[in-house]
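Q: Structure here, sequence nowhere to be found:
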């Protein structure tokens, strides 16, 4: 069972139910494509929100048709902690800072010198520089047929509706026609999982957790492979997914 704060990993039956119930609501092509990317490629909601058409398809010169790519090349700018191409406006605010002993002693001496001279001392002038996470690019083969079918239907529908798509066009747009913000897409994905399908404690991260858990526990692949798929910089982050999924725990308890 997921630890407190972690998204629930849906069972295989719950995943099937999710894609069935999506067909009963508005915009099934778009919603199915979003959730297929989440469950079959393990993208974060922010990464899905930032996807452009060129990451999954090559448009013809006329722009009236397209060919789906074999591999999605996800730019580093899309990943967690990166600038997200300037579309993420949240600003990092420090809650704590740390120094090694030598740096701390040096700063104390600098402050003493300034204080003796009567100069103003601004604490922020002595903060260490922020270590900016540049993100991690990754290439993800789009081999799952359900994923490919969903993407084909989604893009084909947009073209048939008369949209003039460009390679840089957002892959997914809201009802107002603009790109999703990461927060808006997170909420929409949670809506599909929790309220449409009734999966308790599910979130936009459930598809990602489901895929990585499957790679480690069911396919018995190495953590290195799971780390590559997830785009984690540190393998210790991927090791969190070594927690047994809920259905394995249920089987164990039934066997008592």
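A: Now that the structure is in, tell me what you want to look at. Predicted model only: the values in this text are computed from it and were never measured.
Q: For the stretch 101-250 of the chain, just list every one of the strands.
A: For the stretch 101-250 of the chain, the strands defined by DSSP state E, counting those that start in this stretch occupy 138-141.
Q: what sits against the closest residue to residue 66 other than its chain neighbours?
A: Closest residue to residue 66 apart from its sequence neighbours, by C-beta to C-beta, 6 or more residues apart in numbering: residue 57 at 4.4 Å. Heads up, the C-betas are built off the backbone N, CA and C, glycines and all. Taking C-beta atoms under 8 Å, 6 or more residues apart in numbering, we find residue 57 in contact with 66, 67, 68, 69, 151, 155.
Q: Give me the buried subset of these.
A: For these, a neighbour count by 16 or more other C-beta atoms under 10 Å gives the buried set as 66, 69, 151, 155.
Q: In these, find the pair that's most separated.
A: 69 and 155 (11.2 Å; C-beta to C-beta).
Q: before we move on, the earlier item: I'd like the contacts of residue 57 as a markdown table, with pLDDT appended.
A: Listed next are the contacts of residue 57 as a markdown table, based on pLDDT from 0 to 100:
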| residue | pLDDT |
| --- | --- |
| 66 | 96 |
| 67 | 96 |
| 68 | 97 |
| 69 | 96 |
| 151 | 98 |
| 155 | 97 |
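Q: what's the distance between stretch 195-211 and the middle of its chain?
A: 13 Å (C-alpha atoms, centre = their mean, to the nearest Å).
Q: typo on my end, it should be stretch 19-34
A: 19 Å.
Q: which parts of that stretch are buried?
A: 19, 21, 22, 28, 29, 30, 31, 32, 33, 34.
Q: Closest one of the residues you listed to residue 175?
A: Nearest to residue 175 among those, with distances taken as C-beta to C-beta, is residue 30, at 9.9 Å.
Q: Mind giving me the packing neighbours of the helix or strand containing that closest one?
A: Here residue 30 sits within helix 28-41, counting by DSSP states H and E. Contacts defined by 3 or more C-beta pairs under 8 Å, 6 or more residues apart in numbering; DSSP states H and E place helix 28-41 against helix 12-22, helix 45-50, helix 145-160, helix 182-190, helix 206-213.
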